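>>> structure for this input, please:
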Amino acid sequence: QVRLVESGGGLVQAGGSLRLSCAASGRTFNPYAMGWFRQAPGKERETVAGITWSSGSTYYADSVKGRFTISRDNAKNTVYLQMNSLKPEDTAVYFCAASRSGPYYMKERYDSWGQGTQVTVSS
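Prediction:
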């Protein structure tokens, strides 16, 4: 069983940066991909970015391309989300998740989820 714990959320002004981390633990952690998702109040959870664990291929939602970067450290079982040029519309609870199969841009393929970390961007 995989346990995912997010950290790094907080309050930041528009234009600022935050780095989210997601540490995974479990007996045999070898996912196909890891992803970051977000959910704003009253909205559906949406895919932000994904990365395949083995090759490091990445996917980004159009809304974050050029501003966010997903990366992973296989030795530490940790995935990161560097968020730059933050906008008020990026305000949401951010979740990391692990999937055992692709396609990794589909949130339905993810079956292990963290509890989320709040990101608030003030204008």
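>>> how near is residue 22 to residue 112?
As defined by C-beta to C-beta, to the nearest Å, residue 22 lies at a distance of 11 Å from residue 112. For every residue, glycine as well, the C-beta is placed using N, CA and C.
>>> intersection of neighbour lists for these two?
By C-beta atoms under 8 Å, 6 or more residues apart in numbering, residue 22 and residue 112 have these common neighbours: residue 4.
>>> I figured residue 19 hits residue 83, correct?
Yes. Using C-beta atoms under 8 Å, residue 19 is in contact with residue 83, at 7.1 Å.
>>> which of those two has more residues huddled nearby?
residue 83 (27 against 14; other C-beta atoms under 10 Å).
>>> lowest-pLDDT helix or strand in the protein?
In the chain, no helix or strand scores lower on mean pLDDT, DSSP states H and E than strand 110-113, which sits at a mean of 94.
>>> what does the strand or helix carrying residue 36 contact?
According to DSSP states H and E, residue 36 maps onto strand 33-39. Applying C-beta under 8 Å, 6+ apart, the contact partners of strand 33-39 are 20, 22, 24, 45-53, 70, 72, 79, 81, 90, 92-99, 102, 104, 107, 109-110, 116, 119.
>>> partners of the residue nearest the centre of the chain in the sheet?
In the chain, the residue lying closest to the centroid (C-alpha atoms, centre = their mean) is residue 36, at 2.0 Å. Taking DSSP bridges as the rule, residue 36 bridges to residue 49, residue 96.
>>> which of residue 22 and residue 112 has more residues huddled nearby?
Under the neighbour definition other C-beta under 10 Å, residue 22 and residue 112 were set side by side, and residue 22 has more, 25 against 18.
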